[in-house]
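Visitor: Quick one, what's the 3D model for this:
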Amino acid sequence: MLIQSVEHLGKSGDVVEVKPGYANNFLLPEGLAIVATDHHKRMVEKHRVKLQELEKARLATLRGLADQISKQSINVEANANDEGHLYGSVGASEIVAALKANGYTISADQVKLEGVLKELGLYTVKIQMHSEITTELKVWVVPSAAH
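Guide: Now for the predicted structure:
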């Protein structure tokens, strides 16, 4: 039984069937699930309303953060040649670092790139805050000052 919602598996309180290795090595040690006994099912039913309120509050917080991020425009410096082609590339980790410098903390797996950025210019990057909440961020790839 899931304690927290797990993407591609289910929501909090759902009873799911998974392979023993997945349960023993990931879900149980991470505190994402417990073994579904009658006692646990009764406890979850009792607290389901509370869990739903907590999830609603969490989603509201994430929506607010997504709204703030959508209003951001960040600059990522990169070394480029005179034609604007990058010597390397800009990926999720550089975008996460630039957002962190602006006071927003997200993880690299929330940045949904369709491929690494290899040219100077403006890009619109999708940021997935939650399975139900996606926002867009404007990313300017600019030449580094050292160039």
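Visitor: Low-confidence ranges, this protein, go.
Guide: Along the chain, segments meeting pLDDT under 70 span 146-147.
Visitor: Any idea how many residues pack against residue 6?
Guide: Residues lying near residue 6 (other C-beta atoms under 10 Å) number 19. For glycine as for every other residue, the C-beta is placed from the backbone atoms N, C-alpha and C.
Visitor: how many neighbours does the closest residue to it other than its chain neighbours have?
Guide: Spatial nearest neighbour of residue 6, excluding adjacent residues (C-beta to C-beta, 6 or more residues apart in numbering): residue 32 at 5.6 Å. Residues near residue 32, counting by other C-beta under 10 Å, number 16.
Visitor: Residue 74 too?
Guide: Residue 74 is flanked by 19 other residues according to other C-beta under 10 Å.
Visitor: what about the residue in the chain sticking out farthest from the centre, distance to residue 31?
Guide: Largest separation from the mean C-alpha position in the chain: residue 82, at 34.7 Å (C-alpha atoms, centre = their mean). Distance, residue 82 to residue 31, using C-beta to C-beta, to the nearest Å: 53 Å.
Visitor: Then residue 78?
Guide: According to C-beta to C-beta, residue 78 and residue 31 sit 39 Å apart.
Visitor: Pick out whichever of these two has more residues nearby.
Guide: Neighbour totals were compared for residue 78 and residue 31, and residue 78 leads with 20 against 9 (other C-beta under 10 Å).
Visitor: mind listing what the more buried one touches?
Guide: Counting by C-beta atoms under 8 Å, 6 or more residues apart in numbering, residue 78 makes contact with 86-90, 94, 120, 141-144.
Visitor: repeat that with 10 Å
Guide: Contacts for residue 78 (C-beta atoms under 10 Å, 6 or more residues apart in numbering) come out as 86-90, 94, 117-120, 141-144, 147.
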